[in-house]
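S.K.: pasting a predicted model and its sequence here:
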Amino acid sequence: MNKVKVGILGATGLVGQAFLWMLSKNKLFIPSFLVASEKRAGRSFKEEVRWLMPYSMPSDLAELEINKMDFNALEKEGCKIIFSALPKNIATEIEPELRKRGFLVFSNAGAMRREENVPILIPEVNPEAIELIYKQGYPENGFIITNANCSTTGLALALAPLVKYGIDEIYVTTYQSLSGAGYPGISSMDILGNLIPYIDGEEEKMIFETRKILKISSSIFPTCIRVPVMFGHLESVWIKFKERVKPKDIIEAWTQFEVGKNQTESQPSKSIVYCPEQDRPHPGMSFHGSPPGMTVYTGRARKYEDKIGFVLLVNNIIRGAAGGSIQNAELFYKKHGNQI
Ligand SMILES: NC(=O)c1ccc[n+]([C@@H]2O[C@H](COP(=O)([O-])OP(=O)(O)OC[C@H]3O[C@@H](n4cnc5c(N)ncnc54)[C@H](OP(=O)(O)O)[C@@H]3O)[C@@H](O)[C@H]2O)c1
């Protein structure tokens, strides 16, 4: 089968390089047009990227040329599917224009997530949200499908099998890695041997996006902290359920969480894996699982008074960004690919 050509916007960033790494092995999509800021145009990916993935750069994609943003060139190259890893302010301008011009945009940026007709899609959790593309005017227009903010992705996935118990209150503290701030990100002098107890806009995103994805109205109390770790966001969660719930009930709900019907190439056979060891999960496990980085790990299920606590780990640049987008595009292709 001929692979489907795709464009990657923000290809030299942390999420962009995660896209290239994952897509170099993907059976359906092949990166064919890379975009970064204008100063890099005309040079090769390998010359311009500061490669930070803990794997080798895919040699077949290293020579691809970097382009400046050019709608006509993307069209000429035959890239109808676009993966966007642009900063929010740039995405705000470019993504709606791409949609207007008929492109199918799978975005990591927070720019469009608050639009009512733009889905925040996690295939295992709310696959039905994909149908919102028709409310955006597809197929006459293109569409934008977003994935959630990286911390929200881990939280929403871990909570999805627990919604049946009724969730009253969610208290979540995140320990977010440096790669979550992009490259070059935070100054080494601010973070070396230190933690920063504030991440701009992150707590508001966790509240809004968790409610939108899970269709719940629970009270959510997030605290987001930047930590000097390279990859992976750890989250400490406490839940007040409406029903009487024991730790063994939530472990069982995760174990039995079946997601087979929307399974695609990038979706692990088990999307949530509970670690029984007291000292797991931890960010050192960020690239565990198959495909690496796509599994959300939970652990330390316990009960104090009326609340159930647990810890979760999500790989922010894979499951929380590039891998999530690829999975969304695969789901779209599986359901509606014959219309492209
Ligand atoms: N990092 C994460 O864990 C994570 C997780 C979820 C979502 N996100 C979201 O994903 C997006 C990308 O994040 P990131 O961490 O990859 O950021 P990043 O490392 O700062 O990369 C940004 C990319 O955008 C490109 N870019 C900047 N201005 C541009 C312009 N005017 N035209 C074309 N390209 C331009 C940059 O190119 P140059 O290299 O040429 O500057 C670079 O390739 C952001 O919206 C972020 O909020 C990130």
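M.R.: Nice, thanks for sending it over. Predicted model, so just to flag it, every value in this text is computed and none were measured. Residues are numbered from 1 along each chain as shown.
S.K.: stretch 283-298 and the ligand, are they touching?
M.R.: No. Counting by Cβ under 6 Å from any ligand atom, the ligand is not contacted by stretch 283-298; separation bottoms out at 11.0 Å. (Each C-beta comes from the backbone N, C-alpha and C, glycine too.)
S.K.: residues in contact with that stretch?
M.R.: With contacts defined as Cβ atoms under 8 Å, 6 or more residues apart in numbering, stretch 283-298 is touched by 22, 54, 153-154, 157-158, 175, 177, 229-234, 254, 266-268, 270-275, 280-281, 310-315, 317-319, 323, 327.
S.K.: of all of the stretch 101-250 of the chain, which residue lies closest to the ligand?
M.R.: Nearest to the ligand in the stretch 101-250 of the chain, going by Cβ to the nearest ligand atom, is Gly182, at a distance of 2.9 Å.
S.K.: let me know how buried that residue is, in neighbour terms.
M.R.: 16 (other Cβ atoms under 10 Å).
S.K.: cool, and Val229?
M.R.: Val229 has 19 nearby residues by other Cβ under 10 Å.
S.K.: so it sits against Tyr175, correct?
M.R.: Yes. Under the criterion of Cβ atoms under 8 Å, Val229 makes contact with Tyr175 at 7.4 Å.
S.K.: gap between the spatially closest residue to Met57 that is not a sequence neighbour and Phe45?
M.R.: Counting by Cβ to Cβ, 6 or more residues apart in numbering, Trp51 is the residue found nearest to Met57 once chain neighbours are left out, at 5.1 Å. Distance, Trp51 to Phe45, using Cβ to Cβ, to the nearest Å: 9 Å.
S.K.: who has more neighbours, those two?
M.R.: Phe45 (25 against 14).
S.K.: look up the closest residue to that one, ignoring the ones flanking it.
M.R.: Leu64 (4.9 Å).
S.K.: pLDDT wise, what is the one you found at?
M.R.: You'll see Leu64 listed with a pLDDT of 98.
S.K.: list the contacts of it.
M.R.: With contacts defined as Cβ under 8 Å, 6+ apart, Leu64 is in contact with 31-32, 34, 44-45.
S.K.: could you dump those residues to TSV with pLDDT?
M.R.: Formatted as TSV, the contacts of Leu64 follow (pLDDT from 0 to 100):
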residue	pLDDT
Pro31	98
Ser32	98
Leu34	98
Ser44	98
Phe45	98
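S.K.: check these against Asp70 and report the nearest one.
M.R.: Each of those was scored against Asp70 by Cβ to Cβ, and Leu34 proved nearest at 11.6 Å.
S.K.: contacting residues around the closest one?
M.R.: So Leu34 contacts 7-8, 11-12, 16, 20, 45, 64-67 (Cβ under 8 Å, 6+ apart).
S.K.: repeat that for Gly13.
M.R.: 36, 85, 182-183.
S.K.: separation between the closest residue to Ile340 other than its chain neighbours and the ligand?
M.R.: Distances taken as Cβ to Cβ, 6+ apart put Lys80 closest to Ile340, at 6.1 Å, once the chain neighbours are dropped. Shown here: Lys80 relative to the ligand, a distance of 19 Å by Cβ to the nearest ligand atom, to the nearest Å.
S.K.: is Lys80 in contact with Tyr333, as I believe?
M.R.: No. If you go by Cβ under 8 Å, Lys80 and Tyr333 don't touch, sitting 11.1 Å apart.
S.K.: overlap in contacts, these two.
M.R.: By Cβ under 8 Å, 6+ apart, the residues touching both Lys80 and Tyr333 are Ile340.
S.K.: rewinding a little: from the contacts of stretch 283-298, which would you call buried?
M.R.: 22, 153-154, 157-158, 175, 177, 229, 231-234, 254, 266-268, 270-275, 280-281, 310-315, 317-319, 323, 327 (16 or more other Cβ atoms under 10 Å).
S.K.: among the residues you listed, which ones are in helices?
M.R.: Using DSSP state H, 22, 153-154, 157-158, 254, 323, 327 are the members of those that sit in helices.
S.K.: wait, Ala181 touches Arg226, no?
M.R.: Yes. The pair Ala181 and Arg226 passes the contact test of Cβ under 8 Å, sitting 6.9 Å apart.
S.K.: which of Lys80 and Tyr333 has more neighbours?
M.R.: Legend: neighbour count by other Cβ under 10 Å for Lys80 and Tyr333, higher for Tyr333 (19 against 16).
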